[in-house]
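Q: turn this into a model:
(one chain, ligands or ions: 2)
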Amino acid sequence: MGRGYSRDVSKPLDKRTVLVAGGAGFIGSNFIRYLLDAEPGVRVVNFDLLTYAGNVRNNAEVEEDPRYRFVRGDIADDADVSGVFADSAIDVVVNFAAETHVDRSIEDAAPFVRTNVMGTACLLEHARRAGVSRYVQISTDEVYGSLGERGAFREDTPLEPNNPYAATKAGADLLVLAEARTHGAPALITRCSNNYGPMQFPEKFIPLMVANAMEDRPVPVYGDGSNRREWIYVDDHSRGVWEAVDKGRAGEVYNIGGGREMANVDLARMVLDELGKPASLIEFVTDRPGHDLRYAIDCSRIEREWGWSARWDFTDGIRATVEWYRTHPDWVREVRDGSYRAYYERHYTHRNATLTSFR
Ligand code: NAD
Ligand code: TYD
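A: Ligands and ions are numbered 1, 2, ... in the order given. Presented below is the predicted three-dimensional model:
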C-alpha cells in the first residue's frame with residue numbers, strides 16, 4: 001500500500017519534483033513555464049492525456065529543459081497514474097487536468113464526470129500511496145453558481161453549480177476536502193475566476209473572438225451580452241497556484257481573482273477595438289441554457305494571508321493576448337485545422353529523452 005500520510009505537520013515541504021496533470025492545456029502549460037523559470041531547483045513531470053484541448057506545442061519553450069519531462073496518460077486510468085508515480089518520486093501534485101468547456105458539458109456530460117470526478121479520485125488515491133507533500137486541486141469560481149447584481153463569491157459561499165462542468169468540478173472539490181479530512185492529505189483547493197492569455201483554446205470566449213475577428217468573421221455573443229465575468233491574466237493565476245503549494249494549508253479553499261468584471265458585450269467591443277475591427281462583427285446568438293448571469297470573486301484571503309495580488313492591468317492583458325494571437329497565426333491555424341494533434345507524434349514519440357525517468 002505504500003507510505004500514506006504521516007500527519008507530521010513539522011515535516012518540511014518537499015517540492016523538488018512536481019507532477020503537473022493537464023500541463024499541455026492553456027493554464028497548465030503557462031504554470032509549467034512559470035515554474036521552471038521561477039524555481040531553478042524544481043523538476044516537472046507533465047502528465048496529460050492530450051485530448052482535443054491538449055497541445056504539446058504549448059510546451060515547446062520547455063521541452064528541451066532537462067528538468068522537464070512529458071508523460072502521456074489519463075488521470076482516470078489507474079494503470080497510467082500508477083505508472084507515472086512509479087516512474088518518478090513525486091513530491092507535489094498540481095491537478096489542472098479536466099474537461100473544461102461548459103458548452104461541451106451541456107452536449108455530453110460523460111467525459112466531464114469521468115475526467116473531472118473519477119480522474120481526481122484516481123489521482124488522490126495514488127498521491128496518498130506515494131505520500132506526497134502537497135496536492136493542489138485547480139478549481140473554478142463556477143462551483144459557487146451565479147451571483148445577482150451585487151456581492152462576490154467567498155471561500156465559504158455554498159456550492160451551487162448550475163451546469164454539468166461546474167457540477168463535476170464541485171464534485172472533485174468535495175473529494176479533495178474529504179481526502180484531507182479522512183486521510184490527512186496535505187491537499188487544498190484554489191478556485192479562480194475566468195482566465196485569459198496566450199494559448200487558450202479558441203472555443204473559449206476571448207480567443208474565439210480574436211480568432212474569428214482576425215478573419216473578419218462574426219463574433220458570437222450569447223443572449224443579449226449582459227452576462228458578466230471576472231477576468232484574470234493567466235500569469236497571475238500561475239503565480240497564485242505556486243503560492244498555494246508553498247503557503248496553502250491542508251483542507252482549505254483559496255479564491256484567486258483578477259478583479260476586473262465585465263459584461264460580455266463590452267468585452268467583445270474592447271477586443272474588436274484592440275484588433276482594429278468594427279463592433280458590427282458582434283452577432284447576438286441563442287443563449288446558453290442555464291447561463292450563469294454573473295461571477296465575481298473575493299480573493300481578499302490570499303491577499304491577506306499570502307501577500308498575493310493580481311499584477312496585470314486588464315487593458316494591458318487584453319493587448320498582450322491579442323498581440324500574441326496576431327503574431328502566432330500558425331498556432332491558431334493548426335488548432336483550427338486539427339494539425340496540432342500530429343505535433344505530438346512528430347516531436348515526442350521517437351524521443352527517448354523525454355520518456356526517461358529523473359531517478
Ligand atoms: P484546457 O481545456 O485548456 O486544458 C485541459 C488539459 O487537461 C488539456 O491539456 C487536456 O489534454 C488535459 N486532460 C483532459 N482530460 C485529461 C485526462 N483524463 N487525463 C489527463 N489529462 C487530461 O483547460 P484550462 O483552461 O487550462 O483549465 C485548466 C484547469 O483550470 C481546469 O481544471 C479548469 O477547470 C480550471 N480553471 C480554468 C479556468 C479558465 O478560465 N480556463 C478558470 C478557473 C479554473
Ligand atoms: P467561456 O469562455 O465559455 O467561459 P465560462 O462559460 O466558463 O465562463 O464563456 C465566457 C462568457 O462568454 C460566458 O458568459 C459565455 C459567453 N460566451 C459568448 O457570449 N459567446 C461565445 O461564443 C462563448 C464561447 C462564450
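Q: mind checking which helix or strand of the protein has the lowest mean pLDDT?
A: Every helix and strand of the chain was ranked by mean pLDDT, DSSP states H and E. The lowest is helix 352-355, at a mean of 42.
Q: could you tell me which residues of the stretch 251-359 of the chain lie near ligand 2?
A: 264, 288 (Cβ under 6 Å from any ligand atom). In short, each C-beta sits where N, CA and C put it, glycine included.
Q: strands along the stretch 251-359 of the chain, start to end?
A: Listed in chain order, the strands of the stretch 251-359 of the chain (DSSP state E, counting those that start in this stretch) span 253-256, 260-263, 282-285.
Q: up against ligand 1, what does this structure have?
A: 21-22, 24-28, 48-51, 53-54, 74-76, 96-100, 115, 119, 138, 140, 169, 192, 194-195, 201.
Q: select the longest helix from this structure.
A: helix 164-183 (DSSP state H).
Q: and stretch 183-199, end to end?
A: Stretch 183-199 has an end-to-end distance of 37 Å (criterion: Cα to Cα, to the nearest Å).
Q: is it anywhere near ligand 2?
A: Yes. Using Cβ under 6 Å from any ligand atom, stretch 183-199 reaches ligand 2 at residue 194.
Q: ok, residue 168 - how many residues close by?
A: Counted with other Cβ atoms under 10 Å, the neighbours of residue 168 add up to 26.
Q: quick one, what contacts it?
A: 99, 105, 109, 112, 113, 116, 117 (Cβ atoms under 8 Å, 6 or more residues apart in numbering).
Q: from residue 65, how far out is it?
A: 33 Å (Cβ to Cβ, to the nearest Å).
Q: what pLDDT does the nearest residue to residue 298 once chain neighbours are set aside get?
A: Of all residues not flanking residue 298 in the chain, residue 152 sits nearest, at 4.1 Å (Cβ to Cβ, 6 or more residues apart in numbering). At residue 152, the pLDDT value in this model is 98.
Q: list the residues that contact the residue in the stretch 251-359 of the chain that ligand 1 sits nearest to.
A: The minimum distance from the stretch 251-359 of the chain to ligand 1, using Cβ to the nearest ligand atom, falls at residue 256 (8.2 Å). Counting by Cβ under 8 Å, 6+ apart, residue 256 touches 190-193, 232, 236-237, 240-241, 297, 299, 302, 308.
Q: among these, who's most crowded?
A: Neighbour max across the contacts of residue 256 (other Cβ under 10 Å) = residue 299, 29 neighbours.
Q: returning to that earlier point: restricted to helices, list the contacts of residue 256.
A: Short answer: the contacts of residue 256 in helices (DSSP H) are 236, 237, 240, 241, 302.
Q: how about CSV for those residues, with pLDDT added?
A: Output for the ones in helices among the contacts of residue 256, formatted as CSV (pLDDT from 0 to 100):
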residue, pLDDT
236, 98
237, 98
240, 98
241, 98
302, 98
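Q: closest one of those to residue 217?
A: Comparing these against residue 217 with Cβ to Cβ places residue 237 closest, at 28.8 Å.
Q: ok, that closest one touching residue 26?
A: No. Residue 237 is beyond contact range of residue 26, at 10.1 Å (criterion: Cβ atoms under 8 Å).
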